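Asks: Take this sequence and fold it.
(chains A and B)
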Amino acid sequence: MMNNDATPPEVPNRLNEDWRYGRPQQFAADLAARMNGRGTGELTTDAPAECVRRSLPEGADACPPSIGSDYFLRRALQSGGDALHIVLPRGEWGTAEAPLRIRCHAGSFYAPQLCVELLPGSRAHILEEHTHDPDSALVCLRSYTVHPDAELRLELRETGDDASRAMNISRIQCRENARARQLTTCSGLAWAREETTGELCGAGAELLLLSANRPEGCQWLDQRCRQLHHAAGARSRALYKNVLRDAATCIFGGNIRVEPGAHESDAYLSNLNLMLSAEAAVHSLPQLEIMADRVRCSHGSASAPIDPEQLFYLRSRGIGEADAQAILADAFLHEVYLLFNQPQGTQP
Amino acid sequence: MTHDVDQNPLPPDTRGEFSFPEKHAFDAGYGLSERTIDYICDAKGEPDWLRDFRKEALRKFRELPMPLHWAPEEIGGVDFEQIRYYLAQGTPAKKSWDEVPDEIKRTFERLGVPEQERAFLAGVDAQYDSETAYNNMREELSKKGVIFVNPTEGLTRYESIFRPWFGKVIPVGDNKFSALNHAAFSGGSFIYVPKGVKLAQPLQAYFRINSESLGQFERTLIIADEGAELMYMEGCTAPKYDSATLHSGVVELVALKGARIQYVTVQNWATNVYNLVIQRGIAMEDAQVRWIDCNLGSGLTMKYPAVVLRGRRARGEVVSISLARDGQLQDTGARMIHAAPETTSNIVAKSISIGRGRASYRGEVQVQRGATNCRNRTECDALLLHAESRTDTYPAISVHGDSSGVQHEASVSQVDEEMLFYMQQRGLTRAQAMSLAVNGFINDLVNEFPMEYSVELRRLIDLEMEDSVG
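Replies: Below is the predicted model:
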């Protein structure tokens, strides 16, 4: 939650564990350089007009909590970017082939707020596309609430040029028997930070957080996620996979937190990285904080090069080294897409 | 509660919940200042360079902040002004148990130390409050050039060997507690094993805090020269007092080319003890450093044995068991720094949380730029025994380059009700069944300890379980 003290939050420093290995000072300076008045950008959707409002509802649900980034959250709120509140009542909203679209385009600097609610019994497939003008910065505050028995399938695609920066501060809240899955991909940006706080607030809630990325050049990808089990009998999964080339750097900070009383929680967190360059670097911080018993919680993290035997297998069939590497990288990330696309209700 | 003991030695008492009245010739009083350092240096007869060194460390200690941004908040409870920094009898370490003052001898007899020495040890160092009371090693090892003395003796008699490595593995300014130890250190061990000498039997140190509000700042430096091998075992106990006691040791291991060092710790401090220990080893080419660590007692333990793999093909290993009961926080873990190619490391940590106990794993694995073809595997398992128990895992993994493989896994589980039912059905009480299940959980790690320690360890864990599971 954002710090409510009278003193405004400061730029995260090296003592902020939620920014460990990150570059908050540099991002703050980049933002300041691009901030120009209210900022420019566009936030649109093809959701039916009766479901869309241009102002946010009152209450805490509209503003996502940050993961150690209250400074950026406050700067975004102060910039007064556009807001979009979408409420989807019972029914089917979008399909895999024709998803309901939300488009966000950043000019030099843009800080929009998005709040989406799936009312009980609704099912939605949403594609959120973030695009950038060259050399732009985006700070997007995203909040999704999935009410009881609703189902959300959400894809976030962040694309920009190699001078753009993006930060998404997101929350996905799952109420009783609600199901949500999110897939994020980020390509082309110089620096991106993606924060997702998943909250499981009711028994039978299910959350699946997925991410697949191929950072290259000098890109920095900073990913943080939280699986907060507030209620007993909920289930969450997170799988973040990256294929790193050139001098790319990935940071992953994940946390499974099972609050007191959230017994029978079932949670798993995984961060897997395929290293394709001697210059690439990975920093992985998968965490568990368990304050209830009768739970099933675990995490895993692995960073490794391509298995030489797999490479040999493909090369011995006449495939060149670069193509063989590309095939194996595709195969490595394929699991994420499989999980995202599998029918709702199947247990990953 | 503790009780005074002045009768004949009793059978070994590994819990150590007893104390003797204080009889100290030297007492530096409460708080740490330049005067305290002068007092310690005068009492120990230390050279001027060491006095200046300690004072410089004190300055750093005052400058450095408490690591509150990542450490458990309980560390804020340490009140450095309410600690006594030096308590000693004022007599040199004895080579025979007969010469050791009576109450100290009875303490160690009660803890079973002389008996263990006779049975299977190559040498023993027994520290009572701030100073070594007894230090002895088998004669044939002295003839081979093995050195096993306290650090004060090491710095005076063997300065040319000791000083080049003193504070090099864990520098003064590494963190606040490292600076504190450099300023106030007293007691501990200095061991040097010459080239190619392999010790068949372990050396042992036993750290005993007897007095209330004492800070024990022992310092251990072990150097295994090329091709040398040794095992060092460390045991710790203290009686329980109402005021807080601080144990803040520094352990530095140096394994030169092809050497092997195994360092075994079983700490069973009372719950009023802050156990904040820094342990780090350097492994040169083809060398191996292995930490085997068991933490049962203390109110707050923060201990992360580390290995800096500095030479090609060096290997590091940490095997860790911790058990946290009501009012205890065991914040333990491991660090592996791969700074050379083809280095390998392995971390296995298991923790048990009972009642409101909290056990945390905190670790770091780094594969630095240029350290190619390295491998690390880390496995942390936690067992929660009650609804209010807590466990955490905080690893940090950094990998550079495309030739190394690093794997980390952690899981949390509880004792299966069906398993308990099965055992209870066969006549075991619930507490016995629980104890058996817990022993099963850590069984593979307990087997890594030397036989004498693993037997003791099982007994201690049974005792802890008896009190907590009913």
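Asks: What residues does the stretch 201-348 of chain A have near chain B?
Replies: A:260, A:263, A:273, A:275-305 (Cβ under 8 Å from any Cβ of the partner chain). Bear in mind the C-beta positions are built from the backbone N, C-alpha and C, glycine included.
Asks: and the residues you listed, which are buried?
Replies: Neighbour counting by 16 or more other Cβ atoms under 10 Å in any protein chain shown classes A:273, A:275-276, A:279-293, A:295, A:297-305 among those as buried.
Asks: Okay, and which of these map to strands?
Replies: Mapping these onto strands (DSSP state E) picks out A:273, A:275, A:281-290, A:297-304.
Asks: what stretches of the chain score poorly on pLDDT?
Replies: All of this is about chain A. Low-confidence segments of chain A (pLDDT under 70): A:1-6, A:36-38, A:60, A:344-348.
Asks: if you could check chain B rather than the one you did, that'd help
Replies: For chain B, counting by pLDDT under 70, the residues that fall below are B:1-23, B:110-111, B:113, B:117-120, B:238-239, B:466-470.
Asks: Any chance of the backbone angles for the residue minimising distance to the centre of it?
Replies: Among the residues of chain B, the one closest to the centroid is B:T265, at 5.0 Å (Cα atoms, centre = their mean). Taking degrees, to the nearest 10, you get phi -120, psi 130 for the backbone angles of B:T265.
Asks: do the same with the one 4 residues further on
Replies: With angles defined as degrees, to the nearest 10, B:W269 sits at phi -70, psi 160.
Asks: residues touching residue 79, list them.
Replies: The chain I'm using is chain A. A:M35, A:R38, A:G39, A:F109, A:A111, A:V139 (Cβ atoms under 8 Å, 6 or more residues apart in numbering or on different chains).
Asks: Let me rephrase: I mean chain B.
Replies: B:A244.
Asks: For chain A, see how far away it is.
Replies: 23 Å (Cβ to the nearest Cβ, to the nearest Å).
Asks: Ok, B:I40 next?
Replies: 33 Å.
Asks: how many other residues sit next to that residue?
Replies: By other Cβ atoms under 10 Å in any protein chain shown, 25 other residues sit near B:I40.
Asks: And the contacts of A:S79, which of them are buried?
Replies: A:M35, A:G39, A:F109, A:A111, A:V139.
Asks: So which of the residues you listed reach chain B?
Replies: Near chain B, taking Cβ under 8 Å from any Cβ as the test, no member of those is found.
Asks: In JSON lines: those, plus distance to A:A231.
Replies: Shown next, in JSON lines, are the buried ones among the contacts of A:S79 (distance: Cβ to Cβ, whole Å):
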{"residue": "A:M35", "distance to A:A231": "39"}
{"residue": "A:G39", "distance to A:A231": "38"}
{"residue": "A:F109", "distance to A:A231": "38"}
{"residue": "A:A111", "distance to A:A231": "32"}
{"residue": "A:V139", "distance to A:A231": "30"}
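Asks: Torsion angles phi and psi at B:V172?
Replies: For B:V172, the backbone dihedrals are phi -50, psi -50 (criterion: degrees, to the nearest 10).
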